[in-house]
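# just need the structure, nothing else, for what follows:
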Amino acid sequence: MEAKALLSSLSTNSALPSFQKNSLLSYDCFSYHSSTVNFHNYLWFKTLQSTSPQGIKLKPLQCVNSKERLETIVFENKEYKKPDIKKKKLAVFVSGGGSNFKSIHQACLQGLVFGDVVAVVTNKQDCGGAEYARDKEIPVVLFPRTKDEPHGLSPSDLVAALRELEVDFILLAGYLKLIPAELIRAYPRCIFNIHPSLLPAFGGKGYYGMKVHKAVIASGARYSGPTIHFVDEHYDTGRILAQRVVPVLADDTAEELAARVLREEHRLYVEVTMALCEERIIWREDGVPLIQSRENPSEYS
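Below you'll find the model as predicted:
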């Protein structure tokens, strides 16, 4: 299925942006060409370096794409002002019930996250996350194309579709397929995943869902918890961005531990998405990503 035909069927009508070079910006330009789809979209990151109080050079991750600008966010009865930030467009990938997707979407609707979910990508068109998206009138994209799902998109058409929607960040929320290299190259440092253990422990191919929690309990580990990491071409090996520690109790079942971890997943993913949309992800010069504190910009976690 061609990307443009797909987007037309979803009743999207996104105007393509045009950007001027800025001497202060270093940018990468990505384009997609085919006999039926011709457009350019631009993705760049500010590379102005700042120095932390500890003398570590830091580089902010700032994806410039969508049009609306942030003036004020109200969070926990406190006003937070950060001018000149554009509202981000998010694509969420799901394979199951999509509880993390739902928590992120609700946070967007409540104004806690300065972004919008503009597409849901799934390999299972009848899963709970896809049904929720349709109910909320969020476009659902089927990926990948398989023998059982011949209407799914190819990797190149998926990239084209996301570009047409002007997606800034991709959030994997229980998506069980390996992300293709084409998508990773098109969205460098812009794809994130949440995993239900403290990576690098209990990660990799085959470690998902209840299998993770059973392995944690069987190992005798005293702590577990969710990890949010950048996505690379392998399972669960990208740079760690955020973690939340959850105790493993002596008499825990896998189901009890899973429920405890999931509650923290919902909180952590919303907090990280807030930071993404507010451009508070900072890269240390040694390649470690940090989250800048909203309350005190000189502090990082």
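
# next SSE downstream of the helix ranked longest in the chain?
Secondary structure assigned by DSSP state H gives helix 254-277 as the longest helix of the chain. Of the helices and strands lying after helix 254-277 in sequence (DSSP states H and E), the nearest is strand 281-284.

# give the pairing partners of whichever helix or strand comes after that following strand; include direction for each.
Counting by DSSP H and E, the next helix or strand C-terminal to strand 281-284 is strand 289-291. Sheet pairing for strand 289-291, assigned by DSSP bridges, gives strand 281-284 (antiparallel).

# report the rounded mean pLDDT for the strand it pairs with.
For strand 281-284, mean pLDDT is 94.

# repeat for stretch 250-261
pLDDT averaged over stretch 250-261 gives 98.

# contact partners of that stretch?
With contact meaning CB atoms under 8 Å, 6 or more residues apart in numbering, stretch 250-261 is reached by 196-197, 210, 213-214, 216-217, 224-226, 246, 248-249. Every C-beta, even on glycine, is put in place using the N, C-alpha and C of the backbone.

# mind listing what's buried in that stretch?
Buried residues in stretch 250-261, counting neighbours by 16 or more other CB atoms under 10 Å, are found at 252, 254, 257-258, 260-261.

# before we move on, what about stretch 172-186?
172-175, 179-180, 183-184, 186.

# how about stretch 93-106?
In stretch 93-106, counting by 16+ other CB under 10 Å, buried: 93-96, 98-105.

# now the helix or strand harbouring residue 156: buried residues?
When elements are assigned from DSSP H and E, residue 156 belongs to helix 155-164. Counting neighbours by 16+ other CB under 10 Å, one finds that the buried residues in helix 155-164 are 155-164.

# will you turn these into TSV that also has distance to residue 274 and pLDDT?
Formatted as TSV, those follow (distance: CB to CB, whole Å; pLDDT from 0 to 100):
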residue	distance to residue 274	pLDDT
155	30	96
156	32	96
157	31	96
158	26	97
159	26	97
160	29	97
161	26	96
162	21	97
163	24	97
164	26	96
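
# name the nearest of those residues relative to residue 267.
residue 162 (26.9 Å; CB to CB).

# tell me how far that closest one lies from residue 153.
10 Å (CB to CB, to the nearest Å).

# next: residue 242.
From residue 242 across to residue 153, the span is 30 Å (CB to CB).

# so which of the contacts of stretch 250-261 are in helices?
210, 213-214, 216-217.

# who wins on neighbours among the residues you listed?
residue 216 (27 neighbours; other CB atoms under 10 Å).

# quick one, what contacts it?
Contacts of residue 216 by CB under 8 Å, 6+ apart are 197, 201-202, 224, 248, 257.

# filter the residues you listed to the buried ones?
197, 202, 224, 248, 257.

# list just the nearest of the residues you listed to residue 283.
Once CB to CB is applied, the member of the buried ones among the contacts of residue 216 that ends up nearest residue 283 is residue 197, at 24.3 Å.
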